[in-house]
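Q: sequence-free structure coming up:
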């Protein structure tokens, strides 16, 4: 039998632990706060931001939010980021993507101080990850690592296939896996024989944005399969993996929904708390 990894349950446990730590921090007069910035009225982005803000409030953190119009200029968004960056009550800043086409997302993201980059997307954060220095890591890759840890999947010496080389998941996840001692092979759109890469792997992580790309021909017996993809269809949500085909083949698999998705928000809370704790360290006065 293939075991379904309950990402929703694991995420709830993380959120509960974060809430306990936030309560202790509040007693010490240190309350973490997350600032979300939404530009425009994209329905999906609005839903995602609302979910993040709800999670922040449920954890007992401060909720700072800026909603700018769709036609906002580069200067207007930069000014909003700079104001939040200078606010000592704001522990973390999240600029919701995608942005309207008139805006340069990379330049705006890099205005976020590395110490408040709870999405882990700035150039400085990427550099800290590459050099294995202390920093805030991207939420979805961190969530994948946490899922594997909770499930007891040994990464040291494991063969891991990462399908997808995107900036948000594939690239940072590859670095996190290498730091854990895994032997990582990366597949992408130019990979000639995908099954030859994925089938020998102990762990297969799929983050391509291609619905149903991975099926029974790509997965070896007993492998752990992590499906990062999410697609809306008339029949509901589905992922990058044809999950039904893997029943009885994969040892473990994440469902869509209820797998990686809840972990992304949980790790956002972890990053916000961590940013607040590190800020307190920097401003502590030696006795």
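A: Received, thanks. None of these values were measured; they are calculated from a predicted model.

Q: from here on, contacts and neighbour counts on C-alpha atoms
A: Will do.

Q: thinking residue 104 is in contact with residue 72, fair?
A: No. Taking contacts as CA atoms under 8 Å, residue 104 lies outside contact range of residue 72: 11.7 Å.

Q: How about the secondary structure of residue 184?
A: strand (DSSP: H, G, I helix; E, B strand; the rest coil).

Q: tally of neighbours for it?
A: Neighbourhood size, residue 184 [other CA atoms under 10 Å]: 20.

Q: swap in residue 190?
A: Neighbours around residue 190, by other CA under 10 Å: 7.

Q: One more: residue 85?
A: Residue 85: 21 neighbours (other CA under 10 Å).

Q: what's the answer for residue 173, then?
A: There are 26 residues near residue 173, going by other CA under 10 Å.

Q: So which residues of this structure form helices?
A: When assigned using DSSP state H, the helices of the chain occupy the ranges 7-27, 43-58, 74-85, 105-109, 123-130, 139-150, 170-179, 194-198, 260-283.

Q: so which of those comes closest to residue 185?
A: Of all these, helix 194-198 sits nearest to residue 185, with 7.1 Å by CA to CA.

Q: Now do that closest one: which elements does it pack against?
A: With contacts defined as 3 or more CA pairs under 8 Å, 6 or more residues apart in numbering; DSSP states H and E, helix 194-198 has these neighbours: strand 183-187.

Q: contact partners of the strand it packs on?
A: 157-165, 174, 177-178, 194, 197 (CA atoms under 8 Å, 6 or more residues apart in numbering).

Q: Could you give me the PyMOL selection string for whichever of these are buried?
A: This is the PyMOL syntax for the buried subset of the contacts of strand 183-187, where burial follows 16 or more other CA atoms under 10 Å:
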select buried, resi 158+159+160+161+162+163+164+165+174+177+178+194+197
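
Q: Just send the contacts of strand 183-187 back as TSV, with pLDDT too.
A: Below are the contacts of strand 183-187 laid out as TSV (pLDDT from 0 to 100):
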residue	pLDDT
157	98
158	98
159	98
160	98
161	98
162	98
163	98
164	97
165	95
174	98
177	98
178	98
194	98
197	98
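
Q: Throw the contacts of strand 183-187 into CSV and include distance to residue 146, thanks.
A: Output for the contacts of strand 183-187, formatted as CSV (distance: CA to CA, whole Å):
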residue, distance to residue 146
157, 17
158, 16
159, 17
160, 15
161, 17
162, 16
163, 19
164, 19
165, 20
174, 14
177, 11
178, 15
194, 26
197, 24
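
Q: from the contacts of strand 183-187, which is closest to residue 124?
A: residue 174 (17.7 Å).

Q: was I right about that closest one contacting residue 162?
A: Yes. Contact status for residue 174 versus residue 162: in contact at 7.0 Å, counting by CA under 8 Å.

Q: in the stretch 151-287 of the chain, which ranges drop under the pLDDT threshold?
A: By pLDDT under 70, the low-scoring segments of the stretch 151-287 of the chain are 285-287.

Q: can you pull the contacts of the nearest residue to residue 121 once chain neighbours are set aside?
A: Using CA to CA, 6 or more residues apart in numbering and skipping residues adjacent in sequence, the residue nearest residue 121 is residue 138, 6.5 Å away. If you count contacts by CA under 8 Å, 6+ apart, residue 138 has them with 118, 119, 120, 121, 168, 169, 172.

Q: ditto for residue 271
A: When contacts are counted by CA under 8 Å, 6+ apart, residue 271 touches 118, 119, 136, 137, 139.
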